[in-house]
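Q: fold the stuff below for me.
(chains A, B, C and D)
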2 protein chains.
Amino acid sequence: MEENILLRQLLRERKLKATSTRLDVLAVISGYNKAIPFSEIQNSLHDFDRVTLYRTINSLMKSGIIHKASVGEKETFYAVCSSKCSSDSHNHKHIHFKCSNCKAVTCVQADSAINFAITGHTINNFEIEATGICVSCN
Amino acid sequence: MEENILLRQLLRERKLKATSTRLDVLAVISGYNKAIPFSEIQNSLHDFDRVTLYRTINSLMKSGIIHKASVGEKETFYAVCSSKCSSDSHNHKHIHFKCSNCKAVTCVQADSAINFAITGHTINNFEIEATGICVSCN
DNA sequence: ATTTTATTGCAACCTTGTTGCATTTAATGT
DNA sequence: ACATTAAATGCAACAAGGTTGCAATAAAAT
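A: Predicted coordinates for the structure are as follows:
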């Protein structure tokens, strides 16, 4: 369990105690470089209780540090937020992309802004989950 | 449990036995006029075993009669498919829209086709879940 | 250094969904 | 209409994912 002063600062900024659980979980998630499935977090950190991991992930989400990256699968994926996110609101304009070849889930930007309208409806927010072949597999 | 000859035909076309469970479940789902949460199906049909409902829903999905309409919630919603869907493939180009006022989930079409690209990626399929205010609440 | 307050671990629990097996029901052919 | 066949149902049991209450512990504030 190595100390990461930056992660510690990040937690304190969001008014969260910089406990070793949080530092470790955050290190695993941010070191993964793509959306990480819950089971992968568990495997990397088998010294922590399952409940503690759930609670840690929940507080990281509430604080706008990480977010869920669902891709219609049973298993939940998590990824670090952009700096735009806060305790109050998650603000993602990206797409959750699942590669059907390597199975990796990543947060990617569309080449240009996505806009659409639905007659009579006011659209406040939307999420896109896409599947296909990622850069590495192409 | 009233007989619906049309639903019976629909089931038989898709090579499914027209059992009373299926006729009832289908009547409830199609009569709901928007995506229906699983609990609502259960409440309407408390005489059937939970397992039977799950199995019924699964076979209706496999046959392309209904589909899941997820909106990032814990609870699963279901809606009837367009006639384009078959046992082989679900083919939806619609958006799953959740009204933050009345909480209803509906399948709606965008006013114009939605297209986007991600550099280096091949996009094979995508799903959009939107939240906002629906027609009735506007 | 002590107090305060949040976090952890544990056990227990809930919900959602699935499986195996014996029983029942719908469709098919006669 | 009747027997046969193949699929669907109910039940019990289970598994995965996630939550809650509470006592013990660790971090932050004084």
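Q: can we go C-alpha only for contacts and neighbour counts from here?
A: Will do.
Q: which residues does the most centrally placed residue in chain A contact?
A: Chain A has residue A:79 as the residue nearest its centroid, 1.9 Å off, counting by CA atoms, centre = their mean. With contact set as CA atoms under 8 Å, 6 or more residues apart in numbering or on different chains, residue A:79 has these partners: A:29-30, A:34-36, A:66-69, A:107.
Q: any chance of those in JSON lines, plus pLDDT?
A: JSON lines is the format used below for these (pLDDT from 0 to 100):
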{"residue": "A:29", "pLDDT": "96"}
{"residue": "A:30", "pLDDT": "94"}
{"residue": "A:34", "pLDDT": "93"}
{"residue": "A:35", "pLDDT": "95"}
{"residue": "A:36", "pLDDT": "96"}
{"residue": "A:66", "pLDDT": "95"}
{"residue": "A:67", "pLDDT": "94"}
{"residue": "A:68", "pLDDT": "92"}
{"residue": "A:69", "pLDDT": "90"}
{"residue": "A:107", "pLDDT": "92"}
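Q: what about the strands in chain A?
A: Assigned by DSSP state E, chain A shows strands spanning A:36-37, A:66-68, A:77-80, A:95-99, A:105-108, A:122-133.
Q: distance to residue A:47 for those strands - can I get that in a markdown table?
A: Compiled in a markdown table, the strands of chain A are given as follows (distance: least, CA to CA, whole Å):
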| stretch | distance to residue A:47 |
| --- | --- |
| strand A:36-37 | 18 |
| strand A:66-68 | 21 |
| strand A:77-80 | 20 |
| strand A:95-99 | 29 |
| strand A:105-108 | 26 |
| strand A:122-133 | 33 |
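Q: which of those strands sits closest to residue A:18?
A: Among the strands of chain A, strand A:66-68 comes nearest to residue A:18, with 15.4 Å by CA to CA.
Q: hmm, that closest one touching DNA strand C?
A: No - with CA under 7 Å from any atom of the strand as the threshold, strand A:66-68 lies outside contact range of DNA strand C, at a closest distance of 14.9 Å.
Q: determine how far that strand lies from the middle of the whole chain.
A: 3 Å (CA atoms, centre = their mean, to the nearest Å).
Q: neighbouring contacts of it?
A: Counting by CA under 8 Å, 6+ apart, the neighbours of strand A:66-68 from elsewhere in the structure are A:57, A:60-61, A:76-81, A:90.
Q: hmm, that strand in reach of DNA strand D?
A: No - Strand A:66-68 lies apart from DNA strand D when judged by CA under 7 Å from any atom of the strand; the minimum separation is 9.6 Å.
Q: so what strands line up beside that strand?
A: Strand A:66-68 sits in its sheet next to strand A:77-80 (antiparallel), going by DSSP bridges.
Q: any regions of chain A where pLDDT drops low?
A: Counting by pLDDT under 70, the ranges of chain A that qualify are A:1-3, A:83-92.
Q: flag every residue of it that's near DNA strand C.
A: When proximity is defined by CA under 7 Å from any atom of the strand, chain A lies next to DNA strand C at A:16-17, A:19-22, A:47-49, A:51-52, A:55-56.
Q: what about 10 Å?
A: When proximity is defined as CA under 10 Å from any atom of the strand, chain A approaches DNA strand C at A:11-12, A:14-25, A:45-60, A:63, A:74.
Q: understood, closing this out.
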